[in-house]
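Visitor: Next one to model:
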Amino acid sequence: MKLLILLFCFLSSYLLAYEVEESYIKEPIFNASVYMQTAGNPKNPAVVLVHGLGDEASRIWQSTIALLENDYYVISFDLPGFGESSKENKLYSPQNYARFIRYVTQTYVKKPFHLIGHSMGGAISLEYTSMYPLDVQSLVLVDAAGILHKSAYNKFLVQSGVNRFFNEQNIFVQKLQTPKFTHFIDNVAEKVDRKMTPDMDVVLASEELRETILGGNAMRIAAVALVQTSFNGIPQAINTRTSIIWGEEDDVAPLETGYVLQKLMPHSTLKTIANAQHVPMTSHEKEFLSLVWEHLKTQQSIDIKPKRNQTEPYRLKISNVTDKTYTGTIQTMEIRDSHNIVIKDATIEKLLIVSSDVEIINSTIKGEKEPIVTSQNSNVSIVASDLFGSVKFYKSRLDLVGSVIVSAYNPLQAMSRSIVVFSLCTINDKLIHGKEVLGY
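Guide: This next block holds a predicted model:
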């Protein structure tokens, strides 16, 4: 009897299954011919899939479509300039891509839908949700790229490229972590920044300049347009239920972006996939599909933020330490000549950093004595954290990423030439996104 029931269920699901339909449509935003796929019953809840940079285009969604097609109406497409869609010298910006998706969904969906975007597609999906919030029933951002300020992103890519090279040569990168090595990384990143010295917004706006400087290449245009786009203020304004999915080993889009989006988006949650890099839907298919399914089947609003670890308060001095993580309630901490130091989920009163590389994640720095952070000849990243007080620095690089500073004093005190990169930050209630050289 059980065998007959199973056979009946199998035949029913087979008969109810919808084939993936492929078509080419003409759209008015880029005036392009666009390859599009639909699957499932149009009466079901709709899911729209947006791919990122890369020749695979919408083919990365094959397993996702197979998972969803019996319960959802699924739409995917090759964005104009990619895959089997036409490739021309057009302005392939996140804003224009959002307008393209609006045309598709207004024409073929005609109701609120779940929006899932990967890499550049995640940035486009974020832009879309800010432009058309009533269209989006829920949002999934997968390893979203291009959200941080371009200078922060350039440095991350340089560091990732160097690490990858040495790993391929079987050289342990931690052995190379010295002030000179860090200075080398900074210099390369600065040179990359200077390569972007022409006003790229002017280049992007001109068909002739896009052809001359970018070769009229759709992927290059889309990549430059992405890093030129400022998302300052956008995540904070999105009230849509959002799941953020990230590969923990992503060397294309930094995981710190995920922490920042979770902090800034009021109804979001972050889930990471261990050992996954930038394309978890193909490398870690089972884990990725499980997270997508969980998101789609969850109806209630999410407002879960990571907790700061509470421990007995302690004081700490470290020197010549590499690859170490600290957490808990820290009264004072002094870090000297150390590299790849991470302070995470912590509460800190006072911090001194000398000739070191330090990343502070999801922490609160609040003390009675000013300044609360002092950095000398160091690289310091402060990610998704809250600072109540001022930061003083000498010959340092400070990356403020999705962080908030509240200070009755001058919040940033550069005592000698230093670089500060702001990505999606708030300082004394003012949104800041940019790069400054201070302390001449």
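Visitor: part of a helix, is residue 257?
Guide: Yes. With DSSP: H, G, I helix; E, B strand; the rest coil as the criterion, residue 257 is located in a helix.
Visitor: so where's the stretch 201-350 of the chain uncertain?
Guide: In the predicted model of the stretch 201-350 of the chain, residues 300-309 satisfy pLDDT under 70.
Visitor: could you show me where the helices are in it, in order?
Guide: Counting by DSSP state H, counting those that start in this stretch, the stretch 201-350 of the chain has these helices, from start to end: 207-214, 218-228, 234-237, 255-264, 280-283, 285-297.
Visitor: Out of the ones you listed, which is the most enclosed?
Guide: Per-stretch averages of neighbours, counted by mean count of other C-beta atoms under 10 Å, single out helix 255-264 among these, with a mean of 24. All C-beta spots, glycine's among them, are computed from the backbone N, C-alpha and C.
Visitor: What lies in contact with that helix?
Guide: Contacts of helix 255-264 with the rest of the structure, by C-beta atoms under 8 Å, 6 or more residues apart in numbering, involve 141, 143-145, 147-148, 235-236, 242, 244, 246-248, 268-270, 272, 305-306, 359, 361-362, 381, 383-384, 401-402, 423-424.
Visitor: Filter those residues down to the buried ones, ChimeraX style.
Guide: Here is the ChimeraX selection string for the buried members of the contacts of helix 255-264, based on 16 or more other C-beta atoms under 10 Å:
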select :141,143,144,145,147,148,235,242,244,246,247,268,269,270,272,359,361,362,381,383,384,401,402,423,424
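Visitor: So residue 397 versus residue 420, what's the distance?
Guide: Distance from residue 397 to residue 420, counting by C-beta to C-beta, to the nearest Å: 8 Å.
Visitor: hmm, back to that, got JSON lines for the helices of the stretch 201-350 of the chain, with distance to residue 128 too?
Guide: Output for these, formatted as JSON lines (distance: least, C-beta to C-beta, whole Å):
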{"stretch": "helix 207-214", "distance to residue 128": "23"}
{"stretch": "helix 218-228", "distance to residue 128": "14"}
{"stretch": "helix 234-237", "distance to residue 128": "11"}
{"stretch": "helix 255-264", "distance to residue 128": "15"}
{"stretch": "helix 280-283", "distance to residue 128": "19"}
{"stretch": "helix 285-297", "distance to residue 128": "17"}
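Visitor: Contacts only, for residue 44.
Guide: Taking C-beta under 8 Å, 6+ apart as the contact definition, residue 44 lies against 71, 72, 73.
Visitor: what phi and what psi does the backbone show at it?
Guide: Phi and psi for residue 44, reported as degrees, to the nearest 10, are phi -80, psi 170.
Visitor: same question, residue 133
Guide: Per-residue torsions, residue 133: phi -60, psi -30 (degrees, to the nearest 10).
Visitor: Sort out for me which of the contacts of helix 255-264 are in strands.
Guide: Per DSSP state E, strands hold the following members of the contacts of helix 255-264: 141, 242, 244, 246-247, 268-270, 272, 359, 361, 381, 383, 401, 423-424.
Visitor: thinking again about what came up before, what's the PyMOL syntax to select whichever of the contacts of residue 44 are buried?
Guide: Filtering the contacts of residue 44 down to the buried ones (16+ other C-beta under 10 Å) takes a single PyMOL command:
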select buried, resi 72+73
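Visitor: ok, back up a step: of the helices of the stretch 201-350 of the chain, which approaches residue 370 most closely?
Guide: helix 255-264 (24.5 Å; C-beta to C-beta).
Visitor: and the closest one with strand 242-247, angle?
Guide: Compare the direction of helix 255-264 with that of strand 242-247 by axes from the mean of the first three to the mean of the last three C-alpha atoms, to 10 degrees and you get 160 degrees.
Visitor: so where do the helices sit in the stretch 51-200 of the chain?
Guide: Taking DSSP H, counting those that start in this stretch as the criterion, the stretch 51-200 of the chain contains helices spanning 62-68, 94-108, 120-131, 150-168, 179-195, 200-205.
Visitor: What is the burial count for the residue lying closest to residue 20 once chain neighbours are set aside?
Guide: Spatially, and ignoring its direct neighbours in sequence, residue 20 is nearest to residue 39 (4.5 Å; C-beta to C-beta, 6 or more residues apart in numbering). Counted with other C-beta atoms under 10 Å, the neighbours of residue 39 add up to 22.
Visitor: same deal with residue 50?
Guide: Counted with other C-beta under 10 Å, the neighbours of residue 50 add up to 26.
Visitor: thought it was touching residue 79?
Guide: Yes. Proximity of residue 50 to residue 79 meets the contact threshold set by C-beta atoms under 8 Å, at 7.3 Å.
Visitor: Common neighbours of the two, please.
Guide: When contacts are counted by C-beta under 8 Å, 6+ apart, residue 50 and residue 79 are jointly contacted by 97, 121, 124.
Visitor: what about the last one, distance to residue 437?
Guide: Think residue 124. Distance check for residue 124 against residue 437: by C-beta to C-beta, it reads 32 Å.
Visitor: Distance of residue 372 relative to residue 226?
Guide: In this structure, residue 372 lies at 35 Å from residue 226, with C-beta to C-beta as the measure.
Visitor: show me what contacts the nearest residue to residue 244 once chain neighbours are set aside?
Guide: The shortest distance from residue 244 to any residue other than its chain neighbours is 4.5 Å, reached at residue 270 (C-beta to C-beta, 6+ apart). Residue 270 makes contact with 244, 246, 258, 259, 261, 262, 306, according to C-beta under 8 Å, 6+ apart.
Visitor: Show me how the record splits the chain into domains.
Guide: 2-147+231-297, 314-438 (automatic domain parsing).
Visitor: now those domains in a markdown table, with distance to residue 217?
Guide: Formatted as a markdown table, the entries for those read as follows, by distance: least, C-beta to C-beta, whole Å:
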| stretch | distance to residue 217 |
| --- | --- |
| domain 2-147+231-297 | 8 |
| domain 314-438 | 26 |
